[in-house]
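Q: Please work out how this folds:
(one chain, ligands or ions: 1)
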Amino acid sequence: MKILVTGGTGYIGSHTVVELQKQNFEVVIVDNLSNSQAEVVDSIEKITGIRPHFEEFDLVNRELTEAFFKKHNDIKGVIHFAAFKAVGESVEKPLMYYRNNLVSLMNILESMISNGIPNLVFSSSCTVYGQPDELPVSEKAPIKKAESPYGNTKQISEEILTDTIHSSSVNAIALRYFNPIGAHDSALIGELPLGVPNNLVPFITQTAIGLRKQLSVFGEDYNTPDGTAIRDYIHVVDLAKAHVVAVKRMIENKMKNSFEVFNLGTGNGYSVLDVIKSFERVSGLPLNYKIVGRRPGDVEQVWADPAWSNEELGWKAERSLDEMNASAWKWEQVYRGKNSSK
Ligand code: UD1
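A: As a prediction, the model looks like this:
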């Protein structure tokens, strides 16, 4: 059964391709390599023994997208990861974010409709909840005004999906990710941020390996037990597995509504200092960090109520924070060892 994974050479996409192949799906990747590398396809093949079909083009291009779908009209489901995701950059370049993230989604939906392909799994984010009034946050929580154009693209995308499923044969599942971290056990695929990382764990591992001098901890005056901000970190392999469950649910006609939304988190909140302590524990290294001011746009604390996804999807995140950090650290070391020039 053929599944299209857009953004399949990216961080979450590549881990999902591996899990799909392990479950005997045939995978076709589309990626424009704007934030990833073609060698990821080789790494996927090394892990699973199967080379996914890969086409390099930009899904913002309407003609190329339609031509692709015409050629592959036996696709049974689409998992759409391809998008820009840097919060700060989206504030600097909002139109770039709106065009890339929204036009690609609309192109995919139009081509799914014209080629009779019904099932779409969409990468959404817990950012749609903003700072929730109640914790843990369930799917029923209200959507808050987005803090950034990036967050707004996720909200608008969910609205585009809601409207589209009402007027077409397309079904959609939006998966709202909390904070994905870690890497594949093989250390052949992992997170590869371009330039200075924005996210916490890549910054920690790059500091530990000597690429960055010091980690800045953004804020210690939050209303949390240790004063640093709290997030729900989830291992990327656990996250990837949820996509396989979601796509199967669609193909097997098990959806209860034609648009469904699920939280993908562990249900545990950890502070920035908790993450640092866990990293120090598993790596055996002291981390050079200092406390600085808050980062604009950051929420104080958010963690998932995963009850609905646990119950309905029969999926549960299994890996601990220590396992997440250990795999991220192994990936960083293996990657830098192999690529000393980078
Ligand atoms: C945010 C968005 C998420 C989005 C992601 C993409 C929210 C709740 N989450 O994640 O939807 O997909 O960006 O990039 O809006 N931190 C430091 N020092 C650093 C980096 C981070 O202290 O150098 C802290 C942050 O202040 C935060 C935590 O670590 O408290 C996690 O930060 P990060 O990894 O950037 O993820 P979010 O901002 O939570």
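
Q: Near the ligand, which residues of this structure are found?
A: 85-87, 125-127, 179, 198-200, 203, 215-218, 229, 231, 272, 295, 298-299, 302 (Cβ under 6 Å from any ligand atom). (Glycine included, C-beta is placed from N, CA and C.)

Q: remind me which residues of this structure are low pLDDT?
A: 338-342 (pLDDT under 70).

Q: go with 50
A: Residues of the chain that meet the criterion pLDDT under 50 lie in 340-342.

Q: give me the residue from the stretch 201-342 of the chain nearest the ligand.
A: Using Cβ to the nearest ligand atom, residue 229 is the residue of the stretch 201-342 of the chain that sits closest to the ligand, at 3.2 Å.

Q: In this structure that residue contacts residue 298, no?
A: Yes - using Cβ atoms under 8 Å, residue 229 is in contact with residue 298, at 5.8 Å.

Q: returning to that earlier point: ok, the residue of the stretch 201-342 of the chain closest to the ligand - contacts?
A: Applying Cβ atoms under 8 Å, 6 or more residues apart in numbering, we find residue 229 in contact with 218-219, 222, 271-272, 298-301.

Q: Ignoring the adjacent residues along the chain, who's closest to it?
A: Counting by Cβ to Cβ, 6 or more residues apart in numbering, residue 222 is the residue found nearest to residue 229 once chain neighbours are left out, at 5.3 Å.

Q: thinking the one you found is in contact with residue 301, fair?
A: Yes - contact status for residue 222 versus residue 301: in contact at 7.0 Å, counting by Cβ under 8 Å.

Q: one step back: what do residue 229 and residue 298 both touch?
A: 218-219.

Q: Grab the CA positions of stretch 17-24 and hand them over as PDB.
A: The C-alpha coordinates for stretch 17-24 follow below in PDB (Å, rounded to 0.1, in the frame of the first residue of the first chain):
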ATOM      1  CA  VAL A  17       9.200   6.700   6.700                       C
ATOM      2  CA  VAL A  18      11.200   4.100   8.700                       C
ATOM      3  CA  GLU A  19       8.200   3.100  10.800                       C
ATOM      4  CA  LEU A  20       5.900   2.900   7.700                       C
ATOM      5  CA  GLN A  21       8.400   0.600   5.900                       C
ATOM      6  CA  LYS A  22       8.600  -1.600   9.000                       C
ATOM      7  CA  GLN A  23       4.800  -2.000   8.700                       C
ATOM      8  CA  ASN A  24       5.200  -3.000   5.000                       C
END
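
Q: Contacts for it next, please.
A: Counting by Cβ under 8 Å, 6+ apart, 1, 3, 5, 8, 27, 29, 44, 47-48, 50, 52, 184, 189, 237, 240-241, 243-244, 247-248 sit against stretch 17-24.

Q: which ones among these are found in strands?
A: 3, 5, 27, 29 (DSSP state E).

Q: Closest one of these to residue 80?
A: Closest approach between the ones in strands among the contacts of stretch 17-24 and residue 80, by Cβ to Cβ: residue 5, at 8.4 Å.

Q: picking that back up, sitting in helices, which of the contacts of residue 229 do you find?
A: residue 272 (DSSP state H).
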